[in-house]
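Student: Quick one, what's the 3D model for this:
(one chain, ligands or ions: 2)
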Amino acid sequence: MMTMAETWGSLGSAMAGIMFVWAMYQNYFPYELRGPLKRYVEKLKSIIYPYIQITFHEYQGDGFERSKAYMSIERYLDKNSSKQAKRLKATVVQDSESIVLSMQDHEEITDEFQGIKLWWASSQDIPIKQSISFYPREDEKRYFTLTFHQRYRKIITEEYLKHVLNEGKAITVRERQRKLYTNNKNESWVGFRRSMWSHVLFEHPSSFDTLAMEPQKKQQIIDDLMTFSKSKEYYSKIGKAWKRGYLLYGPPGTGKSSMIAAMANLLKYDVYDLELTAVKDNTELRKLLIEISPKSIVVIEDIDCSLDLTGQRENKKKKEKKEEEEKPDKEMKKKMEESSNMESKVTLSGLLNFIDGLWSACGGERLIVFTTNYVEKLDPALIRRGRMDKHIELSYCGFEAFKVLAKNYLNIDSHHLFGTIGRLLEETNMTPADVAENLMPKSSEDDEEICLERLIKAIEMAKEEAARFKAEEEEKERLKKAEEEEKQRAVKEEINSKENGGNSAEEVKQNGDINKITTKEVKEKENSKE
Ligand SMILES: Nc1ncnc2c1ncn2[C@@H]1O[C@H](COP(=O)(O)OP(=O)(O)OP(=O)(O)O)[C@@H](O)[C@H]1O
Ligand SMILES: [Mg+2]
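Tutor: Ligands and ions are numbered 1, 2, ... in the order given. Here you go, the predicted model:
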């Protein structure tokens, strides 16, 4: 039996032998034969070690952006890591609401897919160079390694990896914090921290449960949205970009903005509130569009006033001309030029392209929502089906909508005053915003009775106001009509008098005057006689 010293001795000489062979190979082995030799070595290796390894690096390309695949794998491995790994790393991932527990470097965990066992390991390359990097992440070369038997190559590369990425993405979406974006002015797009969109966390509490509208109509909208969000395959089958346009119209305070928030909360989408007047031109609009992430709602509020899309240029010219006439000095002209440069040059065609041009297809899974108080003012091209697929009218508060508000604000389903309110709401136009304001308790003593009575008073006042307004309008209309009739009568009279006798109106008037003079003279004579 070999002693310990002998074992170490033979190991040492074996090592020395290997190093000698390696040095000989490096120095003297012909370069042309190295390729074939390597191939044989790889074959030999695969016989002894029949496993395949795939690595997924954290940073790819130019190294500035975290690889999406790496992030998805990290989230996917989360569930196994927390159960199996002994050393875990806790991080609060950007945009996520929860803490992510991922395995520490050099830990290994197992996963199973269709009965196949796989191994995932997390590793890190430590750079040898002793330099200070401007970008810290340049030094952190982390990667995941997936190991599996070569027998399963097809199933792993074709099915398992897809499954991992989809699962990871789904977890990210489930747990991410949603954001509300608004577009920046062009000047802030330059420099290191360039960004076209600024954001805050989206925390609007509105939901379809709190939205006051007819239950049937509400359900229709919910169904429409849910169908859209699950129709990726359907849209690609019919050859349409995966997006849908909604036009919300109705008087102020009827819940248009609240509905957008409810949509975002239902689908868990981000909201991009596009301020058209801050967009310089169509090119800029396109750039903004390609920066929008999928799973988002692009909103243009009050589309009728955010940009005078059709008459804009004409009006601008008129305005400039008028101002020029008033103050023709050079200083003023310069100022005017500057302000006209700052004004938005987005055209209707630019906006139409934004909605359904070729560029609009990038990203996918996107809703575009326009809101307006005056639907009749909009260009028909802008709201035709295909662009704005669903038109939703949000109108004055009906009894069904009131019941939702009463439940939200006072937590009541019925009350003896409901009947009166229902009848009054049928006769009067009152927005849900006004109803809501009256239902809201104003002090701790305000119970449901007080709030409902306040609402009744408010509706009655609104009814009186509406009746007064109607009467005034009718009176104005009557006066206008009377004036019109008077004018027509005068014209007719003139024509008639011309036709009968050929006397002009002037002549008739003169005759009248002569008659008056004669009467006056007769009277004077009678007086002198007396
Ligand atoms: N249908 C509704 N359901 C629930 N609350 C509503 C509804 N309509 C209005 N409200 C309430 O009134 C307020 C104003 O509503 P919202 O901002 O959604 O109106 P809007 O239609 O967008 O008005 P505008 O046309 O002026 O922008 C909201 O804060 C909300 O509390
Ligand atoms: Mg609004």
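Student: residues contacting Tyr272?
Tutor: By CB atoms under 8 Å, 6 or more residues apart in numbering, the contact set of Tyr272 is Tyr181, Thr182, Asn183, Trp197, Ile292, Ser296, Ile297, Val298, Val299. Placement of C-beta: from N, CA and C, glycine included.
Student: neighbours of the residue nearest to Gln104 when sequence neighbours are not counted, just the number please.
Tutor: Nearest residue to Gln104, sequence neighbours excluded (CB to CB, 6 or more residues apart in numbering): Arg87, at 3.8 Å. For Arg87, the neighbour count with other CB atoms under 10 Å is 10.
Student: try Met259
Tutor: Neighbourhood size, Met259 [other CB under 10 Å]: 23.
Student: And the helix or strand containing Glu465, what does it pack against?
Tutor: Glu465 belongs to helix 448-499 when assigned by DSSP states H and E. Packing partners of helix 448-499 (3 or more CB pairs under 8 Å, 6 or more residues apart in numbering; DSSP states H and E): helix 399-410, helix 418-427, helix 432-439, helix 505-529.
Student: what angle sits between it and helix 418-427?
Tutor: Relative orientation of helix 448-499 versus helix 418-427 (axes from the mean of the first three to the mean of the last three CA atoms, to 10 degrees): 20 degrees.
Student: For ligand 1, tell me whether helix 448-499 is touching it.
Tutor: No: on the criterion CB under 6 Å from any ligand atom, helix 448-499 is out of touch with ligand 1, staying 14.0 Å away.
Student: Give me the mean pLDDT for that helix.
Tutor: When pLDDT is averaged along helix 448-499, the result is 92.
Student: so how far is that helix from its chain's centroid?
Tutor: When C-alpha coordinates are averaged (CA atoms, centre = their mean, to the nearest Å), helix 448-499 and its chain have centres 43 Å apart.
Student: hang on, the earlier thing: right, and the pair among the contacts of Tyr272 with maximum separation?
Tutor: Asn183 and Ile297 (14.3 Å; CB to CB).
Student: Excluding sequence neighbours, find me the nearest residue to Tyr76.
Tutor: Leaving aside its sequence neighbours, Tyr76 sits nearest to Gly168 (CB to CB, 6+ apart; 3.9 Å).
Student: And the pLDDT at the one you found?
Tutor: 88.
Student: In a helix, it, correct?
Tutor: Yes: under DSSP: H, G, I helix; E, B strand; the rest coil, Gly168 sits within a helix.
Student: Distance-wise, check it relative to Glu74.
Tutor: As judged by CB to CB, to the nearest Å, Gly168 and Glu74 stand 7 Å apart.
Student: likewise Gly115?
Tutor: Gly115 sits 25 Å away from Glu74, going by CB to CB.
Student: who has more neighbours, the two?
Tutor: Counted by other CB under 10 Å, Gly115 and Glu74 do not tie: Glu74 has more neighbours, with 26 against 6.
Student: what sits against the spatially closest residue to Glu214 that is not a sequence neighbour?
Tutor: Leaving aside its chain neighbours, Glu214 sits nearest to Glu400 (5.0 Å; criterion: CB to CB, 6+ apart). Taking CB under 8 Å, 6+ apart as the criterion, Glu400 is in contact with Met213, Glu214, Pro215.
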